[in-house]
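Chemist: Output the structure for:
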Amino acid sequence: MSEAILQESLSNRVVCLGLAELELGGETPAHAPAVRRACHDRSAVLADAVVGKLDEATVARSLNELEASGLADSVQSESTAVGKGRPAFELVDDPERTLDVLADDDAVAPAVDAIRTDR
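Modeler: Numbers count the residues shown, from 1 in each chain. Presented below is the predicted three-dimensional model:
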């Protein structure tokens with residue numbers, strides 16, 4: 001991932017952070033609900049006044065925008081029963097590199113620190 005992520009909206013950067021955390025835990029490709037939960041788990045560190053609560057539709061939109069920007073890839077689910085045919089997503093770049101880039105972003109740096117501390 002290049003520094004291009006820093007040009008994305010705050011919501012997209014938070015979603016990318018959630019996707020990086022899931023990837024570090026071996027939980028990708030991930031559907032929007034799993035990414036939303038990962039983002040929600042870090043919302044206390046990011047302060048609701050800055051990010052707010054990201055609903056599933058916002059996360060899905062952000063995942064699609066990240067894919068269009070070349071920062072994430074979608075993978076079609078093999079099981080329509082679980083994913084209902086919706087794509088799952090994974091980062092294009094290494095999740096550690098993603099965290100390195102996002103650590104320079106004051107808006108999400110506290111969540112990067114929390115992810116690294118929790119591992």
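Chemist: Confirm that Glu90 sits in a strand.
Modeler: Yes: under DSSP: H, G, I helix; E, B strand; the rest coil, Glu90 falls within a strand.
Chemist: Quick check: beta-bridge partners of Gln76?
Modeler: For Gln76, the beta-bridge partners are Pro87 (DSSP bridges).
Chemist: Tell me how many other residues crowd it.
Modeler: Neighbours of Gln76 under the rule other C-beta atoms under 10 Å: 11. Every C-beta, even on glycine, is put in place using the N, C-alpha and C of the backbone.
Chemist: Just confirm it contacts Pro87, I think it does.
Modeler: Yes: Gln76 lies in contact with Pro87 (C-beta atoms under 8 Å); the separation is 5.6 Å.
Chemist: which neighbours do the two share?
Modeler: Counting by C-beta atoms under 8 Å, 6 or more residues apart in numbering, Gln76 and Pro87 have no contacts in common.
Chemist: In this structure, where is pLDDT below threshold?
Modeler: 1, 47-52, 77-84 (pLDDT under 70).
Chemist: what's the closest non-adjacent residue to Glu96?
Modeler: Leu24 (7.6 Å; C-beta to C-beta, 6 or more residues apart in numbering).
Chemist: Give me the phi and psi angles of that neighbour.
Modeler: Backbone dihedrals for Leu24, given as degrees, to the nearest 10, come out at phi -60, psi -30.
Chemist: does it really touch Pro95, like I thought?
Modeler: Yes: counting by C-beta under 8 Å, Leu24 touches Pro95, with 4.9 Å between them.
Chemist: Name the surrounding residues that touch the host helix or strand of Leu22.
Modeler: Assigned by DSSP states H and E, Leu22 belongs to helix 10-24. By C-beta under 8 Å, 6+ apart, the residues outside helix 10-24 that reach it are 1, 5-6, 8, 28, 30, 34-36, 38-39, 42, 46, 50-51, 54, 58-59, 62-63, 65-66, 69, 71-72, 89-91, 95-96, 98-99, 102, 105, 107-108, 111-112, 115, 119.
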